[in-house]
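Participant: The following comprises the amino acid sequence and a computationally predicted model.
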Amino acid sequence: MRPFHEVFPMATDPNDSDRNDRLPGVPTVESEASAVADGGSVPTNVDQNGDLGEIEFTRPTEGTSQNVDDGHPDERVGVPDGASLDTPEYGIRSEMNGIETPDDKTWFMELDEAVIQDDRCIQCGTCVASCPSDSIGIGEDGLPELVKMCTGCSLCWDFCPRGGLRYERQWKITGGEDNVSGAGDPITEFSAKVGDDWRDNAQDGGVVTSVLIHLLEAGEIDGALIATESDDEPWKAESFLATTPEELVENAGSFYNQTMALGNLEVSRWEEKLPDKPLDDISLALVGTPCEIEGVRALQDFDWDYQSQNAGVRAIDYTIALMCTKNFNYHKLIGEQLEEKRGIDPEEIGKLDVLHGKMMAYDQDGEMILEESVEEFHDAALKGCDECADFSGLCADLTVGSVGSSEEYSSVIVRTDQGMKAWEMTADDLDHHDLEDRSAIGKLQGWDKKKAFESLERPFDPDAPRFIEYTDHAQRYDTEPNPHEADH
């Protein structure tokens, strides 16, 4: 191979114009100041010797920026006519991909459309616990939200007590043929209270706290998932795992907003509080509203992996339902109804109670500062509660509430052998006698059913299949059948 300089002889003398002329393609000195071997240009402010000259800056344009005071800060300006800067939504993308969604798939977007956006969510957290891909979380508003890609497995829809779960069928599956009329078919019932000093801070007879303490001290459970007061917002309930009698006593009492309890069943979250043993051996009690108990009972009936929530679902060995006709949105009840409308500082409230159809509030000294019909607080109630016919916790081991017993006593309904076991551990330390007024519970259960029948847009049928198809629900509730394809 011939040397490079023999193929293209180099002009070594810049003054030898004749030689430069004789070499086509070899740049002259003058042209080298404005061009380089790769075809680019030398910097504008550098001369042919590489010296930096006077630098000139381009000043920013003035008076042409968007005025955010008069318009929206996210408004796009100067977009050419006919150009779209938006990412195509799911509907158009699915058309472009040519992919059809199988008819039997139900997505979180459909649960969101039919329940959450329709203001029917009861904040039980069952959808979070059921998701096998951990795609559902809890938003700052206390409602379920998608945090990862939805796989369309349909489970969040199937197990939602306001969506695909026919909760009255779950009553029958859990409690038997007689568990759908009146207050169900309990084993036995009592009116009871505890005599300990801590009961002053408890709700009614303090029975729930006493039962949990006895289960804990007997080694039957490693902890109890209960409600505690938020550190930041007074009277806002949050999920809490109590693992000592002291924690149970400290958190005695009721809160009138949901905690998304079943969305907090990831046992590893509480790992530092639990004994050092395999998660499969952990045993928990769950105190919740009837809808929460319905949800966890349905989840426990099936054998599959619930990802991070699975161990928590399986760990629940005792369930205690609190009698409930309705629950409330925290901000609407405490912020709007009590603080703004009635001038009651949440920090001044020592106890809240709903009893005999009245909302009652007491100050830190135990003096009553509010007594009004609970119907006056209807605007703060969760609308999905109107569709619930389960006042007395028909799927729980134990049901506890104030209806049917005199003041300072709690009504206790024992529904299962597991509930009887818990009751027998506790009864000797309680002041108890036969339930004072069973008819009161039956009447309120009947009233709750009547209200639910008026609100439900679907038939109430304990013998129908446990799971309701989304398409059937959408037709009855006039809901968008494929909201993800409609770009909602």
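Facilitator: Arrived safely, thanks for sending.

Participant: What distance separates the opening and closing residues of stretch 372-389?
Facilitator: Distance across stretch 372-389, first residue to last, is 24 Å (CA to CA, to the nearest Å).

Participant: Give the buried residues for that stretch.
Facilitator: 374, 377, 380-389 (16 or more other CB atoms under 10 Å). Using the backbone N, CA and C atoms, a C-beta is placed for each residue, glycine as well.

Participant: do stretch 330-347 as well
Facilitator: In stretch 330-347, counting by 16+ other CB under 10 Å, buried: 330-335, 337-339, 344.

Participant: now stretch 113-130
Facilitator: Result for stretch 113-130 [16+ other CB under 10 Å]: buried residues 113-117, 120-130.

Participant: residues in contact with R297?
Facilitator: Neighbour list for R297: 170, 173-174, 319, 395 [criterion: CB atoms under 8 Å, 6 or more residues apart in numbering].

Participant: meant to ask about R476
Facilitator: By CB under 8 Å, 6+ apart, the contact set of R476 is 457-458.

Participant: Please work out the average pLDDT along stretch 218-238.
Facilitator: Averaged over stretch 218-238, pLDDT sits at 94.

Participant: Quick check: closest non-adjacent residue to E292.
Facilitator: Distances taken as CB to CB, 6 or more residues apart in numbering put C124 closest to E292, at 4.6 Å, once the chain neighbours are dropped.

Participant: give the contact list for the one you found.
Facilitator: 161, 258, 260-262, 288-289, 291-292, 295.

Participant: and if you look at E339?
Facilitator: 345-346.

Participant: Start at 10, not 1
Facilitator: I'll keep to 10 as the first residue from here, and by that count the last item is E348.

Participant: how close does it sit to A370?
Facilitator: Counting by CB to CB, to the nearest Å, the gap from E348 to A370 is 11 Å.

Participant: related to what we said a few turns ago, got a winner among the contacts of C133 for most neighbours?
Facilitator: Neighbour tally across the contacts of C133 (other CB atoms under 10 Å): the maximum, 31 neighbours, falls on E301.

Participant: My guess is that one contacts A270. True?
Facilitator: Yes. E301 is within contact range of A270, at 5.2 Å (criterion: CB atoms under 8 Å).

Participant: if you look at the buried residues of stretch 122-139, which of them are in helices?
Facilitator: 135-139 (DSSP state H).

Participant: export those to JSON lines and tack on pLDDT?
Facilitator: Listed next are these as JSON lines, based on pLDDT from 0 to 100:
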{"residue": "T135", "pLDDT": "96"}
{"residue": "C136", "pLDDT": "96"}
{"residue": "V137", "pLDDT": "95"}
{"residue": "A138", "pLDDT": "94"}
{"residue": "S139", "pLDDT": "94"}
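
Participant: quick check, nearest of these to N58?
Facilitator: Closest to N58 out of these is V137 (70.5 Å), distances taken as CB to CB.

Participant: how about the closest one, what does it touch?
Facilitator: Contacts of V137 (CB under 8 Å, 6+ apart): 145-147, 153, 269, 271-272, 318.

Participant: need the strands for the stretch 160-309 of the chain, in chain order.
Facilitator: 197-202, 232-238, 246-251, 293-297 (DSSP state E, counting those that start in this stretch).

Participant: tell me the most buried of those strands?
Facilitator: strand 293-297 (a mean of 26; mean count of other CB atoms under 10 Å).
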